[in-house]
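Engineer: Sequence and predicted structure are below.
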Amino acid sequence: MSNSIFRKDGTAQGVAKQRLIESLAKPNKRIIYDPYADKFVIGASIIKLMGHKFSVWLGDKIVPGMHEHLISRTRFIDDLIEESTLNDIEQYVILGAGYDSRAHRLKLPSKLKIFEVDQLEVQERKLSIISDKTPNMENVTYVSVDFNHQSLSEQLLDAGFDRNKASIYTLEGVSQYIEKEALKSTLKELAKLNPNSNSKIFISYVNRLFKEDPKACFGMGYSKPEKAIKFITDGAANVGEPWISFYSAREIKDLLFQNNFTLTEDKTLADLNSKYFTPVGRTIPENHIFKLEHFIVAESRV
């Protein structure tokens, strides 16, 4: 199998499903809203009939806190992108974009240039589903990369990426599916793209402790963490996207530093519970806290 940072769309559909479920919540209770998610979810009409509360309840019977974890990751990145682009960021590169809809659902500056990078077949399916009239389509450039024959940086530059503009990159829910060498080479290419401009990067990573000490990756009293991990990893493998790479906080920090990035934030659902869920009356109990995956932000050293 190639070391490409991209795979097919099994997990992309899964994440879109959680965005759809959250979007069904009442406006004063939801954490994010995605009016486009249903277009990419098989069985969306059934989920709509089930509604938000029942869908979340059903998910909690299988993996407690998984929905909230994915939605907090979505919201964390949403906030990061909106805040960054209001300041000095002029380009946004979505690596392994899948069915990401931030270009269309967030309030972004009209000057912001967005590059969605993924494998060609996923992009073709996405473009066959969304309408040409979807908001902000004119600011999005789709960049497909075959890592066996093409360079990420070269493909971006050919697509109009400006090395002199401050940029932000997101690699959401991808690092566990690719070889460590693939992540390392990707970071090297990103470091080369903005040698003289401020840039930021978001990466999510799975804590390597999940194999050695599963309880450390969940809240106190979480029921059967080993069972939850098995369900998640088996599900990913069954759609052809097995988990293969896991990291410690030190390992990620060092990897970023080696490629001219300094880590500034490292969060999990445990950190974001009071920020996102408590204000809308949905505080997640400790025994449902899911902190298997970390959300990190790093800034380039110019």
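Structural biologist: Arrived safely, thanks for sending.
Engineer: For the closest residue to Glu90 other than its chain neighbours, grab phi and psi.
Structural biologist: Leaving aside its sequence neighbours, Glu90 sits nearest to Lys165 (C-beta to C-beta, 6 or more residues apart in numbering; 4.2 Å). For the C-beta atoms, the positions are set from N, CA and C on the backbone; glycine is no exception. Backbone torsions of Lys165, given as degrees, to the nearest 10, read phi -100, psi 140.
Engineer: Next: the one 3 residues further on.
Structural biologist: The main-chain torsion angles of Ile168 are listed as degrees, to the nearest 10 and equal phi -130, psi 140.
Engineer: Now do the same contact list for it.
Structural biologist: Neighbouring residues of Ile168 by C-beta atoms under 8 Å, 6 or more residues apart in numbering: 80-81, 84-85, 89, 91-93, 199-202.
Engineer: Which ones among those residues map onto strands?
Structural biologist: Counting by DSSP state E, the contacts of Ile168 place 91-93, 199-202 in strands.
Engineer: Flag the least confident of the residues you listed.
Structural biologist: Lowest in pLDDT among the ones in strands among the contacts of Ile168 is Ser199, which has 92.
Engineer: What number of residues are in the vicinity of that residue?
Structural biologist: Residues lying near Ser199 (other C-beta atoms under 10 Å) number 24.
Engineer: Please, where are all the strands along the protein?
Structural biologist: Using DSSP E, strands in the chain cover 91-95, 113-118, 140-144, 167-171, 199-206, 261-267, 293-300.
Engineer: Mark which of the ones in strands among the contacts of Ile168 are buried, thanks.
Structural biologist: Buried by 16 or more other C-beta atoms under 10 Å: 91-93, 199-202, out of the ones in strands among the contacts of Ile168.
Engineer: of these, closest to Val174?
Structural biologist: Among those, Phe202 lies closest to Val174 (C-beta to C-beta), at 10.8 Å.
Engineer: burial of the nearest residue to the closest one once chain neighbours are set aside, as a residue count?
Structural biologist: Leaving out its chain neighbours, the residue that sits closest to Phe202 by C-beta to C-beta, 6+ apart is Thr170, at 4.4 Å. Using other C-beta under 10 Å, Thr170 is surrounded by 23 other residues.
Engineer: Tell me the pLDDT of Thr170.
Structural biologist: At Thr170, the model reports a pLDDT of 97.
Engineer: ditto for Lys8
Structural biologist: pLDDT, read off for Lys8, is 57.
Engineer: Also Gly14?
Structural biologist: In this model, Gly14 carries a pLDDT of 88.
Engineer: Run a quick neighbour tally on it.
Structural biologist: For Gly14, the count of nearby residues is 18 (other C-beta under 10 Å).
Engineer: Now for it: which residues touch it?
Structural biologist: Gly14 neighbours (C-beta under 8 Å, 6+ apart): Gly235.
Engineer: Please apply the same query to the one 3 residues further on.
Structural biologist: The neighbourhood of Lys17, defined by C-beta under 8 Å, 6+ apart, consists of 37, 41, 47.
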